[in-house]
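Engineer: structure here, sequence nowhere to be found:
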């Protein structure tokens with residue numbers, strides 16, 4: 001009996017090794033997605049552009065492996081359609097507004113915050 005990729009949680013995926021390039025087979029194993037699905041996603045998601053070398057062999061870089069995992073999460077875990085996932089990636093939105101990263105402070109606000117920390121350390 002074959003395992004459905006949708007049944008594999010994102011937490012169950014293996015860690016990504018520290019190397020420069022990954023073959024389509026390696027990405028398939030690392031992301032729990034079959035190679036033909038990866039080739040299809042290349043057509044659907046403009047951000048996914050692996051390097052092609054001799055004989056049109058695909059070589060994915062680390063950031064592309066992370067992107068494949070993100071696409072997989074959107075489609076399989078969060079229930080997005082291809083179009084919805086494409087729009088989510090194009091918008092750069094990765095969740096709720098609180099998840100958009102740290103608050104950006106003006107230099108003056110940063111200076112005040114640092115002074116407060118210095119005062120706390122002197123107590």
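Structural biologist: Nice, I can see it. This is a predicted model, so every value here is computed, not measured.

Engineer: report the longest helix in the chain, please.
Structural biologist: Ranked by residue count under DSSP state H, the longest helix found in the chain is helix 107-122.

Engineer: for the chain, which segments count as strands?
Structural biologist: Taking DSSP state E to define them, one finds strands in the chain at 22-23, 51-53, 57-60.

Engineer: could you dump those into CSV and include mean neighbour count and mean pLDDT?
Structural biologist: Where C-beta positions appear, they are placed from N, C-alpha and C, glycine not excepted. As requested, the strands of the chain are arranged in CSV below (neighbours: other CB atoms under 10 Å; pLDDT from 0 to 100):
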stretch, mean neighbour count, mean pLDDT
strand 22-23, 18, 95
strand 51-53, 10, 91
strand 57-60, 18, 94
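
Engineer: out of these, nearest to residue 72?
Structural biologist: strand 57-60 (13.5 Å; CB to CB).

Engineer: what does the closest one contact?
Structural biologist: 21-24, 26-27, 38-39, 50-53, 68 (CB atoms under 8 Å, 6 or more residues apart in numbering).
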